[in-house]
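Enquirer: The amino acid sequence is not available; the structure is as follows:
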C-alpha cells in the first residue's frame, strides 16, 4: 500500500462504568485522536435510587437515614444540610450543645472525606503509600463516630431538633489525641506528594479551570476555591454556629489540578482548627428538642444550603402541612462539578483525564441520587 | 537553562528523599491491622449491628407490648408485627415479629421509638447466610440472639412521663410545634409499607 493511502481518524473509547478511576459507576464516552482527548460525554444515572421521590413517601424524620446515602463519604454533612433546612422551615431552635456537636462532627467528616479523596487521588496517579496512611487516619475518625453513634458510614446522627446521641465517655480524650497527631500526619502527606517530581509532572498546569468557566458551570467547593475564588458558605452565609469559629478559607491561584489538591490539604488543617475550638468551647445542656414522631411542619417552602466537602449542598423543601414533604429537591455539588469535566479535559492526554477527574472529587451516588 | 535543569534535578532528588524518609520511618512502627478471625475489634457500646428483641431476665418473657411504634418509625418498613390480646391480662402481645434484615438499613429509629426497651441494635455481627430466606428473622430467633444482651430498662410509662413533665414546669420543650401524636399516628408508615 502506498503511504498516501494511509489515513488517521478519531475513535471512540468507553471509559467506565467499571473503571477503577471513576470511583463509582460513571461512564465517559471519549472521542480520541491518538492519545489526545477531543470530546467527552459523561453518562450518569447508573446509581439512581430516586431518593427525591422516596422523600415524598416518608415522614420528615424517616428521611434522615436516606440523606446518609446521598454522599456516603460525608454523611454527617448531608445530615446537616437536611436537618438545617427542615428546622429553618419549621422555626425550631436547636440547643447550643447540639449545634456545637453538629459542627464538630461535620468538620471531622470533612477531614475524613478529604482523606478518602487524597488516598484515591494519589493511587490514581500511581502513589500507593498515601492511600495506606490516609486510611489509617480516617480509621481514627471513624472510630470516634462509631463510639458516638454506632455506625461507621451511615450515621443517622443528626435528627430534627438536635442530635440523636450525646458524646460518650472517653470520646474527648480520644478526640484530643487525634487533634494532636493529625497536623503532623498532614505534613507527612505533603512530604510524600506535594513536591514529588512525578506528582508535579502529573498535576501542574493540567486541567486548568478558569474562573469564568467555573461560574458558567456553577462549580463550587474546593474546586472553585482552587481557581482563586474565596467562596465558602461557612464564611459567606454562616449557618449553624460557624460565625463563632475562627478559620481561614484556603484558595489556589491558577486552578490546575495541583491547586485543587493543595486547597483540600489546607482545608483539612482548617477543619482541625474548627474541631479544636468546638471541643474547647463545648457548652453543657440538652442535645435535643423533643419533636413528636408524627410531626407536621407548617405549610410553606424553604431553601437552605451548606458547605459540604465537595461544595454546596442545598435542599429545597416544599411542605403542604402534612407529615410528609410535598417535594424535596437536592442540589449536590458533584453533579455540577462533573459538568465542567468535558470543558477542562479537552486536548489533554487520556492519562491526564484520570488526574482531572480525580481532582474534581466527584462522588457518583451524589451525582445520581 | 543549564542552571534550571540542575535545580530541577536537585529539587526532585531532595523531595524524593523527603518522601522516602517518611516511608522509612514507618518500617519501625507496629502494624495497626488485626488478623480478623483470630483477633477481633471490641465493638463500642452503641454499636448498631444486628437487631435483637430483649426479654426480661427474670421471667424470660419479651419486653415487647406490640404497640407497633417501631414498625411505624421504620423508614423501609422492615418490621412486620401481628398481635393478639391476651385474654388473661387483657394486654396486647406479639404473635409474630418479623424483621427483614435484607432491607433493614440499621438506622436505629425503631430503637429510639420503643418505649419499653424491647428492641435494640447490638454490636453483634457475623450473621451472613448463603440463603436469602435465612435473613428474615422471626420472633424466636430475635429473642434467642438477644438473651445475653445487657441493657438498662427505661421506664417511660405515661404516668412517669406526666410526673416528669410536672416536675419540670416552666421549662418549655423548645420551639417544637406540638402535634397530637395519637390523632395522626398512622399516615407515616401505612402508605410507605404498601409502596414497598
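Expert: Done, it's in. Because the structure is predicted, anything quoted here is derived from the model rather than measured.
Enquirer: And for the closest residue to chain B within the stretch 201-350 of chain A, the neighbour number?
Expert: Of all residues in the stretch 201-350 of chain A, residue A:289 sits closest to chain B, at 3.2 Å by C-beta to the nearest C-beta. Placement of C-beta: from N, CA and C, glycine included. Residue A:289 is flanked by 20 other residues according to other C-beta atoms under 10 Å in any protein chain shown.
Enquirer: where in chain B is pLDDT low?
Expert: B:1, B:155-196 (pLDDT under 70).
Enquirer: the strands in it, which residues?
Expert: Ranges of strands in chain B, per DSSP state E, are B:51-53, B:79-85, B:92-100, B:119-121, B:136-137.
Enquirer: returning to that earlier point: there's contact between the residue of the stretch 201-350 of chain A closest to chain B and residue A:96 in this structure, I believe.
Expert: No - using C-beta atoms under 8 Å, residue A:289 is not in contact with residue A:96, being 11.7 Å away.
Enquirer: Tell me where the longest helix sits in the chain.
Expert: No chain in the question, so chain A it is. helix A:96-124 (DSSP state H).
Enquirer: Oops, wrong one, chain B.
Expert: Taking DSSP H as the criterion, chain B has its longest helix at helix B:2-26.
Enquirer: and the longest helix of chain A, how far from the chain's centre?
Expert: 8 Å (C-alpha atoms, centre = their mean, to the nearest Å).
Enquirer: and stretch A:190-204, anywhere near chain B?
Expert: Yes - applying C-beta under 8 Å from any C-beta of the partner chain, one finds stretch A:190-204 touching chain B at A:191-193, A:195-197.
Enquirer: which of those residues count as buried?
Expert: With burial judged by 16 or more other C-beta atoms under 10 Å in any protein chain shown, the buried subset of those is A:191-193, A:195-196.
Enquirer: In those residues, find the pair that's most separated.
Expert: Farthest apart among these by C-beta to C-beta are A:192 and A:195. That separation is 9.7 Å.
Enquirer: Now for residue A:24, how many residues are close by?
Expert: Around residue A:24 there are 19 residues (other C-beta under 10 Å).
Enquirer: brain fart, residue B:82
Expert: 11.
Enquirer: if you compare the strands of chain B, which one is most tucked away?
Expert: Comparing these by mean neighbour count (mean count of other C-beta atoms under 10 Å in any protein chain shown), strand B:51-53 ranks first with a mean of 24.
Enquirer: tell me which element the nearest residue to residue B:75 once chain neighbours are set aside falls in.
Expert: Nearest non-adjacent residue to residue B:75, counting by C-beta to C-beta, 6 or more residues apart in numbering or on different chains: residue A:62, 3.8 Å away. Secondary structure assignment for residue A:62, by DSSP states H and E: no helix or strand.
Enquirer: Give me the distance between residue A:62 and residue A:270.
Expert: In this structure, residue A:62 and residue A:270 are 34 Å apart, going by C-beta to C-beta, to the nearest Å.
Enquirer: Between these two, which is the more surrounded one?
Expert: Here residue A:62 and residue A:270 are compared on neighbour count by other C-beta under 10 Å; more neighbours surround residue A:62, at 25 against 19.
Enquirer: what's the pLDDT at residue A:269?
Expert: Residue A:269 carries a pLDDT score of 90 in this model.
Enquirer: Just the element for it, please.
Expert: helix A:257-280.
Enquirer: near chain B at all, the very next helix or strand once past that helix?
Expert: Sequence order places strand A:300-308 as the next helix or strand after helix A:257-280, per DSSP H and E. No - using C-beta under 8 Å from any C-beta, strand A:300-308 stays clear of chain B, with a minimum separation of 12.7 Å.
Enquirer: How about residues contacting stretch A:197-217?
Expert: Applying C-beta atoms under 8 Å, 6 or more residues apart in numbering or on different chains, the contact partners of stretch A:197-217 are A:125-127, A:193, A:219, A:223-224, A:226-229, A:254-258, A:261, A:336, A:339-340, A:343-345, A:348, A:351-352, A:355-356, A:359, B:8, B:11-12, B:15-16.
Enquirer: Just the buried residues from the residues you listed, in ChimeraX please.
Expert: To isolate the buried members of those in ChimeraX, using 16+ other C-beta under 10 Å:
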select /A:125,127,193,219,223,224,226,227,228,229,255,256,257,258,261,336,339,340,344,345,348,352,355,356,359 /B:12,15
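Enquirer: Which of the contacts of stretch A:197-217 fall within helices?
Expert: Using DSSP H, the contacts of stretch A:197-217 in helices are A:223-224, A:257-258, A:261, A:336, A:339, A:343-344, A:351-352, A:355-356, A:359, B:8, B:11-12, B:15-16.
Enquirer: Could you report the neighbour count for the nearest residue to residue B:64 once chain neighbours are set aside?
Expert: Leaving aside its chain neighbours, residue B:64 sits nearest to residue B:118 (4.0 Å; criterion: C-beta to C-beta, 6+ apart). The local packing of residue B:118 (other C-beta under 10 Å) involves 26 other residues.
Enquirer: which residues touch residue B:118?
Expert: B:53-54, B:62-65, B:70.
Enquirer: quick one: buried residues of the longest helix of chain B?
Expert: So helix B:2-26, judged by 16+ other C-beta under 10 Å, has buried residues B:12, B:15, B:19, B:22.
Enquirer: Residue A:315 belongs to a strand, doesn't it?
Expert: Yes - counting by DSSP: H, G, I helix; E, B strand; the rest coil, residue A:315 is part of a strand.
Enquirer: I'd guessed it sits against residue A:304; true?
Expert: Yes - counting by C-beta under 8 Å, residue A:315 does reach residue A:304; the two are 5.7 Å apart.
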